[in-house]
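Undergrad: coords please:
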Amino acid sequence: MIHWLQHTTGGLLTLAAVSIAVLLLLIVKLKIEPFIALIVVGLLTALAAGLPVGTIVGTAQKSSDSLLEKGFGSILGHITAIIGLGTLLGSILERSGGAKVLTGALLRAFGEKRAPLAMGVAGFIFGIPVFFDIGIFVLAPLVYVAAKQGKRSLVLYAMPLIAGLSITHAFLPPHPGPVAAAGLLHVELGWIILMGLACGIPAFLIGGVAYATWIGKRIDVAVPEEMIVAEEEGEQEENVPSLALVGSIIAVPLVLILAGTFGSIWLPKGSALSGVAAFIGTPAVALTVAVLLASWLLGLRRGFTGKDLNELAAKSLRPVAMILLVVGAGAFFGAVLSATGIGKAVADSLHDAGLPVLLAAYVISCGMRIAQGSATVAIVTTSGIIAPTVAQLGYSQVQLALLVMAISAGSIIASHVNDGGFWIVSRYFNMSVMQTLKSWTALETVLSVSGFGVSALLMAVV
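TA: This is a model prediction of the structure:
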């Protein structure tokens with residue numbers, strides 16, 4: 001039995017299925033923190049597969065070569081600075097009033113009749129540097145005002161906004177899910193940005209515009225009067241930044257990262273320009289430049305003190321710790337699957353069954369999302385599970401980026417009561433549970449299927 005479990009394809013696939021089932025049981029039923037569950041399941045899987053203890057955790061004298069430390073370190077060394085700097089950039093943009101400037105300009109540009117679309121574009125743009133929940137906290141009051149002025153259902157204005165926020169959270173750096181997947185699957189972030197836009201924009205148009213408009217006309221939700229009063233009586237921002245400044249700062253890291261990616265392709269190898277492009281296009285460098293610009297142009301030059309910026313940084317970085325722990329533990333779990341031979345067994349089985357890896361990755365990600373609720377956990381865990389399989393296939397950077405998009409698409413399907421975002425949407429936009437299921441849960445599913453469909457079509461032609 002033990003030999004069958006550790007050395008045959010059937011046994012290794014059984015071990016993989018059991019390990020994932022135990023992982024879901026710990027997270028969903030027993031409510032154990034995902035990073036603890038990932039470590040526990042990774043250790044148990046490694047032991048069950050017969051890996052030596054020294055290989056798993058090292059020795060008292062040396063543990064740096066162990067799966068545990070290398071699994072954590074290999075990914076955290078790549079993404080920690082990116083996620084931390086991205087979080088700082090978003091917090092400065094939010095605190096400076098940049099979100100209101102951006103949304104106000106879009107509302108004026110699109111006009112009252114197209115205000116829902118303006119809210120969607122605002123969510124998509126502002127969602128690039130800020131986390132999903134923060135985007136809702138900051139932009140929800142502007143949705144209330146737009147819905148009140150338009151005298152239509154709050155759902156019609158809220159759904160496009162949160163569609164934009166959801167797409168950027170799942171598909172684009174510097175958000176932790178796509179950044180972690182890029183690290184686990186060894187994809188340059190420039191390709192993640194390009195494929196994220198290529199898959200995310202059509203999904204947004206289908207879900208955030210077409211479906212959101214359809215459902216917004218069928219669910220009538222009034223704007224909470226107390227929210228309108230709070231917004232109208234609140235202090236007005238003084239000395240707000242210009243739209244051009246806000247847009248430029250959001251664009252800086254994206255442009256620099258893309259310059260680095262394509263500079264390495266188009267510029268002569270070893271040239272001075274190639275070196276410059278590689279340096280400024282390094283994601284951590286690009287985001288550092290953006291954070292420094294934001295700190296000066298949106299902070300110090302507008303009356304912030306160094307102490308204010310330090311306090312803002314400390315507050316905004318607190319939630320990052322748990323994200324990094326989950327990502328690191330997911331990388332360890334993936335390293336175990338690779339070391340045990342499970343990854344090769346899965347690859348062989350998918351090949352024999354004729355099931356495309358892209359579809360398998362999407363289905364796994366959907367299952368993880370539905371079972372435990374977190375998009376980031378779904379992306380990280382699925383990437384860890386699929387990484388050893390992908391290593392056998394020789395995918396190009398574009399194909400790997402599209403695989404990340406399929407995983408990201410699966411991570412947002414069917415948000416329901418085990419997802420904190422479900423309750424944020426319900427609470428902030430005055431909807432009952434049933435109304436939230438009909439609007440938000442269905443919207444997420446439309447976004448997911450649309451995003452995967454585009455990734456599959458692009459994979460077929462690259």
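
Undergrad: tell me the contacts of Ile385?
TA: By Cβ atoms under 8 Å, 6 or more residues apart in numbering, the residues touching Ile385 are 16, 20, 333-334, 337, 346, 364. For glycine as for every other residue, the C-beta is placed from the backbone atoms N, C-alpha and C.

Undergrad: Farthest-apart pair in those residues, please.
TA: Farthest pair in these (Cβ to Cβ) is Phe333 and Val346. Separation: 13.7 Å.

Undergrad: more crowded one of those two?
TA: Using other Cβ atoms under 10 Å as the criterion, Phe333 and Val346 rank with Phe333 on top: 29 against 23.

Undergrad: that older thread, got CSV for the contacts of Ile385, with pLDDT and secondary structure too?
TA: Listed next are those as CSV, based on pLDDT from 0 to 100; DSSP: H, G, I helix; E, B strand; the rest coil:
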residue, pLDDT, secondary structure
Ala16, 83, helix
Ile20, 84, helix
Phe333, 86, helix
Gly334, 82, helix
Leu337, 82, helix
Val346, 73, helix
Ile364, 89, helix
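
Undergrad: Out of the residues you listed, flag the one nearest to Phe171.
TA: Ile364 (17.5 Å).

Undergrad: Run a quick check on the closest one versus Gly384, I expect a contact.
TA: No. Counting by Cβ atoms under 8 Å, Ile364 does not reach Gly384; the two are 10.4 Å apart.

Undergrad: which one of the two has more residues nearby?
TA: Applying other Cβ under 10 Å to Ile364 and Gly384 shows that Gly384 carries more neighbours, namely 29 against 21.

Undergrad: For the more buried one, give me the pLDDT.
TA: Looking at Gly384, its pLDDT reads 89.

Undergrad: got the contact list for it?
TA: Here Gly384 is in contact with 184, 330-331, 333-335, 337 (Cβ under 8 Å, 6+ apart).

Undergrad: Mind naming the longest helix for the chain?
TA: helix 67-95 (DSSP state H).

Undergrad: Please name every helix or strand in contact with that one.
TA: Counting contacts by 3 or more Cβ pairs under 8 Å, 6 or more residues apart in numbering; DSSP states H and E, helix 67-95 packs against helix 34-48, helix 53-57, helix 132-150, helix 176-185, helix 243-266, helix 283-294, helix 306-317, helix 320-340.

Undergrad: ok, back up a step: nearest to Ala375 among the contacts of Gly384?
TA: The closest of the contacts of Gly384, once distances to Ala375 are taken by Cβ to Cβ, is Gly330, at 12.9 Å.

Undergrad: Name the nearest residue to that closest one, ignoring sequence neighbours.
TA: With sequence-adjacent residues excluded and distances taken as Cβ to Cβ, 6 or more residues apart in numbering, Gly330 is closest to Val380, at 3.6 Å.

Undergrad: What's the first helix or strand after the helix or strand that the one you found is a member of?
TA: Assigned by DSSP states H and E, Val380 belongs to helix 375-390. Remark: after helix 375-390, the chain's next helix or strand is helix 397-410, criterion DSSP H and E.

Undergrad: Quick one: work out the angle between that next one and helix 243-266.
TA: Between helix 397-410 and helix 243-266, the angle comes out at 140 degrees (axes from the mean of the first three to the mean of the last three Cα atoms, to 10 degrees).

Undergrad: Pull out the buried residues from the helix or strand just after helix 397-410.
TA: Sequence-wise, the next helix or strand downstream of helix 397-410 (DSSP H and E) is helix 420-428. Residues of helix 420-428 classed as buried: 421-422, 424-426, 428 (neighbour count, 16 or more other Cβ atoms under 10 Å).

Undergrad: tell me which of those is nearest to Ile407?
TA: Of those, the one sitting nearest to Ile407 (Cβ to Cβ) turns out to be Gly421, at 18.0 Å.

Undergrad: Which residue, neighbours along the chain excluded, lies closest to that closest one?
TA: Per Cβ to Cβ, 6+ apart, closest to Gly421 is Ser415, 5.7 Å.

Undergrad: do Thr14 as well
TA: Thr14 sits nearest to Leu5 (Cβ to Cβ, 6+ apart), 6.8 Å away.

Undergrad: do Met368 as well
TA: With Cβ to Cβ, 6+ apart, the residue lying closest to Met368 is Ala378, at 3.9 Å.

Undergrad: Please apply the same query to Glu69.
TA: Closest to Glu69 by Cβ to Cβ, 6+ apart is Ser63, at 5.5 Å.

Undergrad: can you list the domains in the chain?
TA: 2-69, 77-184+196-209+219-229+239-322, 326-460 (the TED database).

Undergrad: Any chance of CSV for those domains, columns distance to Gly190?
TA: Shown next, in CSV, are the domains of the chain (distance: least, Cβ to Cβ, whole Å):
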stretch, distance to Gly190
domain 2-69, 29
domain 77-184+196-209+219-229+239-322, 2
domain 326-460, 9
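
Undergrad: And the pLDDT at Glu94?
TA: pLDDT, read off for Glu94, is 83.

Undergrad: do the same with the one 10 residues further on
TA: As predicted, Gly104 sits at a pLDDT of 84.

Undergrad: What of Glu232?
TA: So Glu232 comes in at 43 (pLDDT).

Undergrad: Check Gln372 too.
TA: Reported pLDDT for Gln372: 79.

Undergrad: before we move on, what about Gln397?
TA: The model's pLDDT for Gln397 equals 96.

Undergrad: Same question for His351.
TA: pLDDT, His351: 61.

Undergrad: tell me which element the residue nearest to Thr14 is part of?
TA: Assigned by DSSP H and E, Leu5 falls in helix 2-7.

Undergrad: got the buried residues for that helix?
TA: Those would be 5-6, for helix 2-7 by 16+ other Cβ under 10 Å.
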